[in-house]
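Novice: Fold the following for me, if possible:
(2 chains)
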Amino acid sequence: MKKILLKVDIAWLMLILLTISGGLMGKHAEPGFWITVVIAMMTFLKGRLVIDYFMELDEASKVIRRVVGSFSTIIPLLMILTYLLEDQLVSFSQSIIGQ
Amino acid sequence: MSSSQITPLAEISPVITSAEINPAIPGNRAIWVGIFAEFTEFLLMFIVYFIARANHPQLFHDGPQKLSLLAGSANTVIMITSSFFVARAVISMRHDRTSASFRWLLAAFFTALGYPLIKFLEIRWNITQGLTGNGDVFQMSYYYLTFNHLVHVSWGILGLIWVMAQTRFGGYSANNHNGLVAFACYWHATDLIWLMIFPAFYVMP
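Specialist: This next block holds a predicted model:
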């Protein structure tokens, strides 16, 4: 506690910097593979910072760690997959709703 | 029945008291049932979002430009900062610094109040720009996910008031603060969900 900066303080600072830089980057960007990958990676990294330094799940059960970790991995992954497999997703969704 | 015939309840069914800290389940089981339900709910809504995005790429490309990036970024900073203050409150409590813990919670509370305030101003601004719940599929999914998140934040703010009262009136100590940890886990999970919503609606072109 006597340290001037704790790991959690640095995590907070990184989260703020990632938020501002991500916002500025996305503002004028055109859709594309690499911009989608960068935004997904930044989203994943922000999620990991919250899980590892705010939630402190190091000693938590595997189920808890896996569920929380999966949520913050699946959404960024879906960002990339939706970009890459857009046509397949359209065909799949339309076959389900019968169009 | 005489008192000598009564078997103490603890001998029949030993229970874990709230004072015992179980590191495998931070906080308590009930909060994790709630957090798992929260993740499931938002995951389903995100699946709908991604299907809509694939079917209407132009609407989802134009969408973020119609929203206020400033409002979205401000609420992201608010969620991260309030979550950080709660993490510091837990660290202080672990070191038996109850007064410091309360001050961190107070900071988290006043920061968190900014979220519904900005949401109110944002929605008012949205309406003047013609962004309503009856709009296109981007606007509908935006309102559906962000309103749901606002509901979860509102519950969190009520929970925050409860743990502040518990902290202020000696309900927690370094050895027994499961309630505070349970709230912290919920608040961080709600922060985590917002960190997924923010790029999906405000940033991704």
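Novice: drop to CA atoms for contacts and neighbour counts, all remaining ones
Specialist: Fine.
Novice: How many neighbouring residues does the nearest residue to residue B:67 once chain neighbours are set aside have?
Specialist: Among residues not flanking residue B:67 along the chain, residue B:202 sits closest, at 6.6 Å (C-alpha to C-alpha, 6 or more residues apart in numbering or on different chains). If you count neighbours by other C-alpha atoms under 10 Å in any protein chain shown, residue B:202 ends up with 23.
Novice: quick one: contacts for residue B:202?
Specialist: By C-alpha atoms under 8 Å, 6 or more residues apart in numbering or on different chains, the contact set of residue B:202 is A:23, B:63-65, B:67-69, B:72.
Novice: All the helices of the chain, in order from the start?
Specialist: Since no chain was named, I'll use chain A. Under the criterion DSSP state H, helices of chain A are mapped to A:7-27, A:33-49, A:62-84, A:86-97.
Novice: Wait, chain B was what I had in mind.
Specialist: Counting by DSSP H, the helices of chain B are B:9-12, B:29-55, B:57-66, B:69-94, B:98-128, B:137-168, B:178-198.
Novice: want to try CSV for the ones you listed, with distance to chain A as columns?
Specialist: Output for the helices of chain B, formatted as CSV (distance: least, C-alpha to the nearest C-alpha, whole Å):
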stretch, distance to chain A
helix B:9-12, 26
helix B:29-55, 5
helix B:57-66, 7
helix B:69-94, 5
helix B:98-128, 12
helix B:137-168, 14
helix B:178-198, 6
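Novice: for those, which one sits closest to residue A:90?
Specialist: helix B:29-55 (5.5 Å; C-alpha to C-alpha).
Novice: just checking, what packs against that closest one?
Specialist: Using 3 or more C-alpha pairs under 8 Å, 6 or more residues apart in numbering or on different chains; DSSP states H and E, the elements in contact with helix B:29-55 are helix A:62-84, helix A:86-97, helix B:137-168, helix B:178-198.
Novice: Which one of those lies nearest to residue B:49?
Specialist: helix B:137-168 (6.3 Å).
Novice: What residues sit buried inside that closest one?
Specialist: For helix B:137-168, the neighbour count (16 or more other C-alpha atoms under 10 Å in any protein chain shown) marks B:137-139, B:141-143, B:145-146, B:149-150, B:152-154, B:156-157, B:159-160, B:163-164, B:166-168 as buried.
Novice: Reformat the helices of chain B as CSV; add mean pLDDT.
Specialist: Output for those, formatted as CSV (pLDDT from 0 to 100):
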stretch, mean pLDDT
helix B:9-12, 46
helix B:29-55, 96
helix B:57-66, 91
helix B:69-94, 96
helix B:98-128, 97
helix B:137-168, 96
helix B:178-198, 97
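Novice: Okay then, goodbye and thanks.
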